[in-house]
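Enquirer: What would the 3D arrangement of this be:
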Amino acid sequence: MEDTTCDNDVPIPEYRIPVEARLLKYLRLWASDSQALTADHRPLEEELRSLFEWYICQCLRYGSLTEWWSDGVIRLEIRQTAPQEFKLLGVTWIGCEGVTPLEIDVELDPARSDRFAKTIFRIGALDEEGRPKVFGRRLDAGGLVEKRPRQNADWAMAVELTPPSG
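Expert: Here you go, the predicted structure:
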């Protein structure tokens, strides 16, 4: 079966749609109704936390923290900063080592439903010697968001991702 609905009008199962496309769909839904439920009746914020766990893992491949992986987003704050722009603040598990703050700015392309126009991805803090550090699991997630780095140079990883032209 092809990944279209044209031939037989059977919708593509949600799990077969790429993570970024699902994030776009649910961020747009969140912008219109943050209390909405997904098609399978999950709270929207719960679905977004789950999808961002996978998206974080994909983003980590583009930087120096390739040994890190997100093992669950335990806090997520979503702010719409412009009609097509969102700032996501949160805390994620890094494997079973501990937790770390994250900040993701995403820009949506109103003409596309499959990928972001731009992502600025920031994760992790640095210790006194400039090495990435993970915080203890008992640390308050809200406090960690508030104490997150504010400058790109202070994050363990900060990278801008844009899709290829064309």
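
Enquirer: got a list of what residue 55 touches?
Expert: 19, 20, 23, 104 (CB atoms under 8 Å, 6 or more residues apart in numbering). Quick note: C-beta positions are derived from backbone N, CA and C, even for glycine.

Enquirer: Sheet-wise, list the partners of the longest strand seen in the chain with their directions.
Expert: Counting residues, the longest strand found in the chain (DSSP state E) is strand 70-82. Strand pairing for strand 70-82, using DSSP bridges, gives strand 85-94 (antiparallel).

Enquirer: Pull the distance from the helix or strand that the partner strand is followed by to the chain's centre.
Expert: Note on strand 85-94: by DSSP states H and E, the next helix or strand toward the C-terminus is strand 98-107. Strand 98-107 sits 7 Å away from the centroid of its parent chain (CA atoms, centre = their mean, to the nearest Å).

Enquirer: Could you list the paired strands of the helix or strand following strand 98-107 along with their orientation?
Expert: Toward the C-terminus, strand 98-107 is succeeded by strand 118-126 as the next helix or strand (DSSP H and E). Here strand 118-126 has these sheet partners by DSSP bridges: strand 98-107 (antiparallel), strand 132-133 (antiparallel), strand 155-161 (antiparallel).

Enquirer: ok, back up a step: for the longest strand of the chain, buried residues please.
Expert: Using 16 or more other CB atoms under 10 Å as the test for burial, strand 70-82 gives 70, 71, 73, 75, 76, 78.

Enquirer: Rounded mean pLDDT for it, please.
Expert: Strand 70-82 carries an average pLDDT of 96.

Enquirer: What lies in contact with that strand?
Expert: Contacts with strand 70-82, where a contact means CB under 8 Å, 6+ apart, come from 27, 30-31, 34, 45, 48-50, 52-54, 56-57, 60, 86-96, 99, 102, 105, 141-142, 144-145.

Enquirer: tell me the centre residue of the protein?
Expert: The structure's the chain has its C-alpha centroid closest to residue 52; by CA atoms, centre = their mean the separation is 3.5 Å.

Enquirer: so it touches residue 91, yeah?
Expert: No - look at residue 52 against residue 91 with CB atoms under 8 Å: they stay out of range, at 11.1 Å.

Enquirer: thinking again about what came up before, can I get the longest strand of the chain in CSV, CA atoms only?
Expert: Output of strand 70-82 as CSV, limited to C-alpha atoms (Å, rounded to 0.1, in the frame of the first residue of the first chain):
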residue,chain,number,x,y,z
SER,A,70,16.1,12.0,25.2
ASP,A,71,14.3,9.4,27.4
GLY,A,72,11.2,11.5,27.9
VAL,A,73,10.2,15.2,28.2
ILE,A,74,9.1,15.8,31.7
ARG,A,75,8.3,19.4,31.4
LEU,A,76,7.2,21.4,28.3
GLU,A,77,6.1,25.0,28.1
ILE,A,78,4.9,26.2,24.7
ARG,A,79,4.8,29.9,23.8
GLN,A,80,3.6,31.3,20.5
THR,A,81,5.8,34.2,19.8
ALA,A,82,4.4,35.1,16.4
